[in-house]
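Participant: coords please:
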Amino acid sequence: MNKERLQIAIQKSGRLTKQCIDLLSNCGVKVPIVKDRLIASCENMPIDIMLVRDDDIPLLVNEGISDVGIVGLNVCEEEKLKFKKDNDNEPFSICTSLKYGKCRLSFAYPQLWNKSKKSWSQYLQNTTIATSYPNLVGDFLKKNNIKANIVYMAGSVEAAPRLGKADIICDLVSSGSTLLANNLVEGEIVLESTAVLIKNKTLSSENENLVNRLVKRIEAVQQASERKYILLHAPRKSLKKICDILDSESPSIMPLEGDNDMVALHVLCKENDFWDIAEELKSAGASSILVMPVEKLLP
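Facilitator: Numbers count the residues shown, from 1 in each chain. Now for the predicted structure:
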């Protein structure tokens, strides 16, 4: 493996794979992924992509086999706790949090159990908990002075109560449909998780600079994904009100040919906010509202 090139480890197959590849592609990293190949060399930058199991990514980054990795915060924190049992130093550092792969590590209880007369901490006392994240769960229980037996399961954790292996579980939850299908109810959240970019702490200066460039590109792509570019026509007399609605102090304003009373206004707006303010804009006199995606947004 050429260590003069930056090695980036991503999940070989799973919920984060396509999103990782799309993110790198949007950052200008051309990744020719070939089926069944574990390493892909980028065509336009000194970067190699390693496709591995997500659980292996923190270890590969910690040992310097991979310089950088993209992995869920849940996996990152679980492996960090495992490493810190025998070492005092942090094994790797988190460069930036990404905006995808959102989930949460939560306790889940059988629907038939009645918790109404107990606090959640009392409810967990002296139970058997099945989980794929024994270090995170153990750390949570310790911090909250809860004594419980932890049973490790690599998969199908949601079946543990039905199989008689555990009283409750602690597992990743996204929509909650898997819990519902297994007659479980979500309880306390241990960790809110997204994908994160992690790096080895002993990078060469060249690779450190390359990682910093990549992080800036990622931030630009992520900021753009949360924004829309809005073009609209507005009466001059309503400009202040429309700018207040858009929460923009300095939009681009251009005159319209042959109409002294109207102007064209160009502004960035958070996507989640747009539908909440669309009717307000119309009521304030805005017309010909055009909403466009933003590909990149550099500060």
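Participant: need the helices for the stretch 151-299 of the chain, in chain order.
Facilitator: 160-163, 177-181, 205-225, 239-246, 271-283 (DSSP state H, counting those that start in this stretch).
Participant: so which of these gets nearest residue 91?
Facilitator: Nearest of those to residue 91, taken as Cβ to Cβ: helix 205-225 at 16.7 Å. (Glycine included, C-beta is placed from N, CA and C.)
Participant: avg pLDDT for that closest one?
Facilitator: Per-region confidence: helix 205-225 scores 91 on mean pLDDT.
Participant: stretch 150-164 too?
Facilitator: Averaged over stretch 150-164, pLDDT sits at 93.
Participant: the helices in the stretch 1-150 of the chain, which residues?
Facilitator: 17-26, 57-62, 73-84, 120-124, 134-143.
Participant: looking at these, which one is packed in the most?
Facilitator: helix 57-62 (a mean of 23; mean count of other Cβ atoms under 10 Å).
Participant: ok, and what's touching that helix?
Facilitator: If you take Cβ atoms under 8 Å, 6 or more residues apart in numbering as the criterion, helix 57-62 is touched by 9-11, 50, 52, 66-71, 75-76, 79-80, 83, 91-92, 198-200.
Participant: tell me which helix or strand in the protein has the weakest average pLDDT.
Facilitator: helix 120-124 (a mean of 79; mean pLDDT, DSSP states H and E).
Participant: break the protein into its domains for me.
Facilitator: 6-101+195-224, 103-193, 228-293 (automatic domain parsing).
Participant: can you pull the contacts of the most centrally placed residue in the chain?
Facilitator: Taking Cα atoms, centre = their mean as the criterion, residue 194 is the residue nearest the geometric centre of the chain, at 2.9 Å. If you count contacts by Cβ under 8 Å, 6+ apart, residue 194 has them with 72, 73, 97, 98, 99, 100, 101, 102.
Participant: measure stretch 109-124 end to end?
Facilitator: In terms of Cα to Cα, to the nearest Å, the two terminal residues of stretch 109-124 are separated by 10 Å.
Participant: show me what stretch 180-188 is in contact with.
Facilitator: For stretch 180-188, contacts defined as Cβ under 8 Å, 6+ apart pick out 106-112, 115, 120, 123, 158-159, 161-162, 168-169, 173, 176, 179.
Participant: show me how to select, in ChimeraX, the buried members of those residues.
Facilitator: Selection of buried members from these for ChimeraX, criterion 16 or more other Cβ atoms under 10 Å:
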select :106,107,108,109,123,158,161,168,169,173,179
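Participant: mind checking the longest strand of this structure?
Facilitator: For the chain, the strand with the greatest residue count under DSSP state E is strand 259-270.
Participant: for it, which strands pair with it and how are they oriented?
Facilitator: The strands beside strand 259-270 in its sheet (DSSP bridges) come out as strand 227-235 (antiparallel), strand 252-256 (antiparallel).
Participant: since that was my last question, I'll sign off now.
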